[in-house]
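> what follows is a predicted protein model with its sequence.
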Amino acid sequence: MNISQIKIKNFKCFKGEFSLKLNKGLNILVGDNETGKSTILEAIHLALSGLLNGRYLKIELSQYLFNNDVRNEYLENFKEISESETVPLPPEILIEIFIDDIEDETLKALFEGNGNSTKQKACGIQFKIALNETHQAYYEELVKCGDVQSIPIEYYDFSWSSFARDERVTPKIIPIKSALIDSSSNRYHNGSDIYISRILKDHLEDSDKIKIEQAYRKMRDAFMNDSSIKDVNVLIKDAINISNKKVELSVDLSSKNAWETTLTTYLDDVPFHHVGKGEQCIVKTKLALSHKQAQRKNVLLLEEPENHLSHTKLNELIKHIQETNEEKQVIISTHSSFVANKLGLGSLILLNVDSTTNQRTEIRFDDLKPDTKNYFAKLSGYDTLRLILCKKVILVEGDSDELIIQMAYKKSNEDRLPIHDQIDVISVGTAFLRFLEIAEKINKPVAVVTDNDGDVNLIKEKYKNYLGDNKKDFIEICFDETEDTGDLKIGKNEKPFNYNTLEPKILKSNDLEKLNMILGTTYANEDELHKYMRSNKTDCALKIFDTKENVSFPQYILNAIQ
């Protein structure tokens, strides 16, 4: 049993409807901040459990669960509304979970139908946060009084229904269960981590839980019979006259399961919430993957497992996930190329926000051409995701090109480096077109900085899908359209020198005297300096990067940084 698809409407960053299909086994959600990775995990867990931020939604329900734009558009409706007009309904949040492979025919009959937004026959549940119909009259009165300053959440309710339109559905009878592990934050109640307490409780048989409840009650009795507590309660009774009833200190027994939020889990005699966050993440994940009711916890939702973990600990966690997730559906959000590469790029789902429409889009690693997919699967250094995780990107051929671009940007932007403005400069060798294939699918603003190597027509042919009539607004191919020539020969074979790479273009934009000063050289002519710069590309780039002199840069470099 697994989630085949999730649909989200108006929840947090998702304006309108967003749909995402999921793999049966492993899913790796990757994207920049604010693309909705965490929200997708939250939405799945909320719809399956009724829990948000580790607490029941009844406690956490607020107008801030609604998309900002949707909320603002709703409030704008009241500025010019007349008494004769129909009262606009407040927005609603909708989360639909499509479930595959329900084998039990009775369960399948309960959850299969066309009661979903697609109106197609499928198995699943619909979770809705909307105006409670019994409060419709109160809401309309509120609107007529002109008192709507925010979403009137006090008139809202939340509910589940199956795709068979059965409204008796509750999290208890939903056949698929989720465990959400967020290593980036900790949520405690009375000093006890809610999640760890709940998952440890899932390991226990009912008879074990009864034993704990009885022991907890005995602890309460012992506490109340302690002479010190009796003395304190006498003092309270004599000193505080606030009620005709008896006032005293005690241990909470207001509910049958009060022990769940009072007792604290310990590791090596240390309370769980005082253990390192990395260890907490590993413990929670291993518990969720391995406990004996695993068949009930079908979906593991893991938020940024790389947080608080050393390289070796992260390796340990990833290995455990790989070895134990055969029977589970695992959905992981991450910023880490290491996590993505280790777990398998075939499971990668790239999330992106379109800069023009502000709509969330997604592409999959398997959507790429086979040779491009194979290239990224083998890419060393785990830099696969850098293009996706930045605001804009400048692609260059080598390390020296990267340093020159950094310096040019720094000079033109008040001493800020590109990364300060969320612009990543990535050295990609000759793989420009492979990166552009991804950029084109997600509308990522990209500038390619390339040498013309003395053949402008060849460059134009190579990038014909991004130049002229095929030019994309968000992709800029930057090269010098002038083919420079000279008489210099190099090497034993007297090979003609290439005057159309970065270093000769830098010299052309400045002069011999200035570059000699910057590089600490004393060459008498440009050809000698050409040979030196060709043999010492990185050293020369470093000296240009560090210089206080006013360096001029070729126009195609300036085009890239603009």
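Structure's in. What do you need? Numbering: from 1, shown residues only.
> how distant is the helix ranked longest in the chain from the center of its chain?
Criterion DSSP state H: the longest helix present in the chain is helix 206-225. Relative to the chain's own centre, helix 206-225 is displaced by 43 Å; criterion: Cα atoms, centre = their mean, to the nearest Å.
> for that helix, name the packing helices and strands.
Contact analysis of helix 206-225 by 3 or more Cβ pairs under 8 Å, 6 or more residues apart in numbering; DSSP states H and E lists no helix or strand as a packing neighbour. All C-beta atoms are positioned from the backbone trio N, CA, C, and that covers glycine.
> could you dump that helix to CSV, C-alpha only?
Taking Å, rounded to 0.1, in the frame of the first residue of the first chain, the C-alpha atoms of helix 206-225 are listed here in CSV:
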residue,chain,number,x,y,z
ASP,A,206,-2.1,-2.9,25.2
SER,A,207,-1.1,-4.9,28.3
ASP,A,208,2.1,-3.0,28.6
LYS,A,209,0.3,0.4,28.3
ILE,A,210,-2.0,-0.7,31.1
LYS,A,211,1.0,-1.5,33.3
ILE,A,212,2.4,2.0,32.7
GLU,A,213,-0.9,3.6,33.5
GLN,A,214,-1.1,1.7,36.7
ALA,A,215,2.5,2.5,37.7
TYR,A,216,1.9,6.2,36.8
ARG,A,217,-1.2,6.2,39.1
LYS,A,218,0.8,4.6,41.9
MET,A,219,3.4,7.3,41.4
ARG,A,220,0.7,9.9,41.8
ASP,A,221,-0.5,8.3,45.0
ALA,A,222,3.0,8.2,46.4
PHE,A,223,3.5,11.8,45.5
MET,A,224,0.3,12.9,47.2
ASN,A,225,1.1,10.9,50.3
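> so for it, mean pLDDT?
Averaging pLDDT along helix 206-225 yields 76.
> show me what counts as buried in it.
For helix 206-225, the neighbour count (16 or more other Cβ atoms under 10 Å) marks 213, 216, 220 as buried.
> cool, and stretch 480-488?
480, 488.
> circling back: any chance of the buried residues of helix 206-225 in CSV, plus distance to residue 89?
Listed next are the buried residues of helix 206-225 as CSV, based on distance: Cβ to Cβ, whole Å:
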residue, distance to residue 89
213, 45
216, 47
220, 49
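> of these, closest to residue 516?
The nearest member of the buried residues of helix 206-225 to residue 516, counting by Cβ to Cβ, is residue 216 at 82.4 Å.
> and residue 31, what does it touch?
37, 350-353, 388-389 (Cβ atoms under 8 Å, 6 or more residues apart in numbering).
> do that again at 7 Å, thanks
37, 350-352, 388 (Cβ atoms under 7 Å, 6 or more residues apart in numbering).
> likewise residue 559?
Going by Cβ under 7 Å, 6+ apart, the list of residues near residue 559 reads 476, 478.
> check the secondary structure at it for me.
helix (DSSP: H, G, I helix; E, B strand; the rest coil).
> heads up, I number from 618, so please use that
Got it, first residue is 618 now, which makes that one residue 1176.
> what about it, distance to residue 1095?
As judged by Cβ to Cβ, to the nearest Å, residue 1176 and residue 1095 stand 5 Å apart.
> residue 619 too?
Taking Cβ to Cβ, one finds residue 619 at 46 Å from residue 1095.
> pick out whichever of these two has more residues nearby.
Just comparing residue 619 and residue 1095: by other Cβ atoms under 10 Å the higher neighbour count belongs to residue 1095, 21 against 16.
> quick check: phi and psi on that one?
phi -110, psi 120 (degrees, to the nearest 10).
> who does it form a beta bridge with?
Note on residue 1095: beta-bridge partners residue 1066, judged by DSSP bridges.
> so who does it touch?
Counting by Cβ under 7 Å, 6+ apart, residue 1095 has contacts 1064-1066, 1173, 1176-1177.
> same check, this time on residue 772
Contacts of residue 772 (Cβ under 7 Å, 6+ apart): 748-749, 752, 755-756.
> next, format those as JSON lines and append neighbour count.
As requested, the contacts of residue 772 are arranged in JSON lines below (neighbours: other Cβ atoms under 10 Å):
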{"residue": "748", "neighbour count": "19"}
{"residue": "749", "neighbour count": "14"}
{"residue": "752", "neighbour count": "15"}
{"residue": "755", "neighbour count": "14"}
{"residue": "756", "neighbour count": "20"}
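> just the strands in the stretch 918-1067 of the chain please.
946-951, 965-970, 977-981, 1009-1013, 1040-1044, 1063-1066 (DSSP state E, counting those that start in this stretch).
> of all these, which one is nearest residue 639?
Comparing the strands of the stretch 918-1067 of the chain against residue 639 with Cβ to Cβ, the closest turns out to be strand 946-951 (6.8 Å).
> neighbouring contacts of that closest one?
Counting by Cβ under 7 Å, 6+ apart, 619-620, 639, 641-647, 654-655, 658, 915-923, 938, 957 sit against strand 946-951.
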